[in-house]
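Student: Take this sequence and fold it.
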Amino acid sequence: MTDTPDKPTFQSELLLTCETLLIAAAGGAALGLVGFPAGWLSGSIIAVSVVGLAGRPVRIPEPLARLSYVVMGISLGGAVTPETLAGMARWPLSLAILLLAMIALTGAVTVYLRAVHGWDRATALLASFPGALATSLVLAVEYRADVRAVAVAQTTRVAGLAIMLPAGLAAFGFTGEPMARTSAALLADPLAFALLVGGSSLAAVAAQWLRLPGGLIFGAMISSAVLHGSGSVTAGLPGWLSIASFIVLGANTGARFGNTDVRTLRHMGVAALGAFMVGNVVALGFAALAAWLLELSAGGVMLGYAPGAIDAMMILALALHLDPAFVGAHHLARFIMVLLSMPILVRLIVRPQQSTDGKPGGNEPRGD
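Tutor: Numbering: from 1, shown residues only. Modelled structure (predicted):
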């Protein structure tokens with residue numbers, strides 16, 4: 001008779017989950033508290049992945065991950081406001097060029113990752129979308145793409161722009177202090193809280209039941225966006241709750257880096273840097289075209305077309321005395337374009353793929 005490994009107990013799984021969340025929270029705080037764009041998400045991914053690569057067990061239960069998807073969708077929809085939607089109507093030609101830029105950027109990066117690095121179709125496509133990092137990771141799990149590769153590519157995009165764009169603008173003498181963000185307390189209005197959370201949760205469950213790609217996060221985001229954009233709800237979720245959802249998703253993503261060899265990770269990083277450069281060349285090219293054709297501010301268009309974090313671009317616009325409405329409207333338009341098109345394009349272009357062991361992440365990008 002052969003011995004079989006002991007089945008993990010509830011207590012051991014709970015302790016492992018708590019330890020993973022503590023590691024993720026520490027990493028997220030290291031970047032989030034200093035204002036790094038998407039710092040709570042990126043930091044938690046980095047921290048948990050480093051621990052996992054070192055051989056320490058890390059894990060997040062699936063029900064907890066699913067709950068974080070709904071919370072995240074509600075938070076993402078909160079970026080929509082009546083004022084920003086009104087601003088979008090004032091720059092139709094620029095927004096049309098932005099749409100072309102996002103299509104060209106996504107296509108160029110996808111082709112680059114497939115042709116140069118041999119990434120599979122699902123992983124290359126999800127890694128190429130210029131925004132919606134959280135949604136990309138959710139869809140990567142659902143379509144069994146390589147979640148690690150998508151996380152590396154998308155985090156490189158956010159981090160690269162956060163570092164390089166301010167440095168480039170500073171080289172031209174632009175300086176300024178960022179404006180602090182304020183928000184109303186949603187919990188002070190129980191009816192609004194119930195409408196937002198209840199309606200968005202029902203929409204998330206319905207989207208999941210209809211088998212829409214990324215249904216939990218996508219359904220909650222659409223409901224939240226409608227409520228905020230119509231003015232029915234004027235405040236978002238408490239900041240700590242949104243941060244908690246990013247920590248959970250970051251931990252869940254970082255846990256997938258466990259047992260990844262350094263050589264594979266190095267190839268992913270090289271591919272991600274190349275994708276970052278290809279994407280930004282395309283975005284800056286379209287920004288220069290829009291500024292020239294429409295006689296717009298070059299700085300404002302560059303910020304508006306940069307595929308970075310919305311908060312970071314808005315802060316830069318305020319600090320550099322550029323038109324925050326223009327920058328905000330363009331980033332909201334990019335945000336909506338990506339979130340609405342991502343599930344559709346993924347479903348049309350990629351079929352759900354099964355790995356050899358039946359688990360997500362069966363497709364490994366080839367490191368050439």
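Student: Going by C-alpha atoms from here, please, whenever you check contacts or count neighbours.
Tutor: Fine.
Student: So for stretch 66-77, mean pLDDT?
Tutor: Here stretch 66-77 scores 85 as its mean pLDDT.
Student: Stretch 220-236 too?
Tutor: 83.
Student: Regarding this protein, what is its longest helix?
Tutor: As assigned by DSSP state H, the longest helix anywhere in the chain is helix 262-294.
Student: how about low-confidence regions in the stretch 101-250 of the chain?
Tutor: Residue ranges of the stretch 101-250 of the chain with pLDDT under 70: 159, 162-163, 166-188, 213.
Student: er, the stretch 251-368 of the chain I mean
Tutor: Regions of the stretch 251-368 of the chain meeting the criterion pLDDT under 70 cover residues 258-260, 309-312, 314-322, 324-325, 351-368.
Student: Start from the N-terminal end of it and give the strands.
Tutor: In the stretch 251-368 of the chain, no segments count as strands under DSSP state E, counting those that start in this stretch.
Student: What backbone torsions are found at Gly55?
Tutor: phi 100, psi 0 (degrees, to the nearest 10).
Student: Mind pulling up the pLDDT for it?
Tutor: Note on Gly55: pLDDT of 81.
Student: how much space between it and Asp146?
Tutor: From Gly55 across to Asp146, the span is 20 Å (C-alpha to C-alpha, to the nearest Å).
Student: more crowded one of the two?
Tutor: More crowded of Gly55 and Asp146, by other C-alpha atoms under 10 Å: Asp146, with 25 against 12.
Student: My guess is that one contacts Leu125. True?
Tutor: No. If you go by C-alpha atoms under 8 Å, Asp146 and Leu125 don't touch, sitting 11.1 Å apart.
Student: Tell me where the stretch 51-200 of the chain has helices.
Tutor: Applying DSSP state H, counting those that start in this stretch to the stretch 51-200 of the chain gives helices spanning 62-77, 82-88, 92-117, 121-128, 133-142, 147-170, 190-209.
Student: Redo those helices as a markdown table? Include distance to Thr17 and mean neighbour count.
Tutor: Output for the helices of the stretch 51-200 of the chain, formatted as a markdown table (distance: least, C-alpha to C-alpha, whole Å; neighbours: other C-alpha atoms under 10 Å):
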| stretch | distance to Thr17 | mean neighbour count |
| --- | --- | --- |
| helix 62-77 | 10 | 22 |
| helix 82-88 | 39 | 16 |
| helix 92-117 | 34 | 19 |
| helix 121-128 | 27 | 28 |
| helix 133-142 | 19 | 23 |
| helix 147-170 | 20 | 20 |
| helix 190-209 | 24 | 18 |
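Student: mind putting those in CSV, distance to Ala291 included?
Tutor: CSV is the format used below for the helices of the stretch 51-200 of the chain (distance: least, C-alpha to C-alpha, whole Å):
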stretch, distance to Ala291
helix 62-77, 29
helix 82-88, 17
helix 92-117, 9
helix 121-128, 24
helix 133-142, 27
helix 147-170, 17
helix 190-209, 38
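Student: Phe10: which of these is closest?
Tutor: helix 62-77 (14.3 Å; C-alpha to C-alpha).
Student: Tell me what angle that closest one forms with helix 133-142.
Tutor: Using axes from the mean of the first three to the mean of the last three C-alpha atoms, to 10 degrees, the inter-axis angle of helix 62-77 relative to helix 133-142 is 140 degrees.
Student: If you count contacts, what does the longest helix of the chain end up packed against?
Tutor: helix 92-117, helix 147-170, helix 298-305 (3 or more C-alpha pairs under 8 Å, 6 or more residues apart in numbering; DSSP states H and E).
Student: buried sites along it?
Tutor: Using 16 or more other C-alpha atoms under 10 Å as the test for burial, helix 262-294 gives 265, 267-276, 278-280, 282-284, 286-291.
Student: Just confirm Asn280 contacts Tyr305, I think it does.
Tutor: No. Between Asn280 and Tyr305 there is no contact under C-alpha under 8 Å: 9.4 Å.
Student: re the thing from before, ok and the longest helix of the chain relative to helix 121-128, angle-wise?
Tutor: Relative orientation of helix 262-294 with respect to helix 121-128: 50 degrees, computed using the same axes, to 10 degrees.
Student: from the chain's centre, how far out does helix 262-294 sit?
Tutor: The gap between the average C-alpha position of helix 262-294 and the chain average comes to 16 Å, counting by C-alpha atoms, centre = their mean, to the nearest Å.
Student: Pretty sure Pro307 sits against Ser128.
Tutor: No. Using C-alpha under 8 Å, Pro307 is not in contact with Ser128; the gap is 10.8 Å.
Student: that older thread, so for Ile349, which of the helices and strands packed on helix 262-294 sits nearest?
Tutor: helix 92-117 (11.8 Å).
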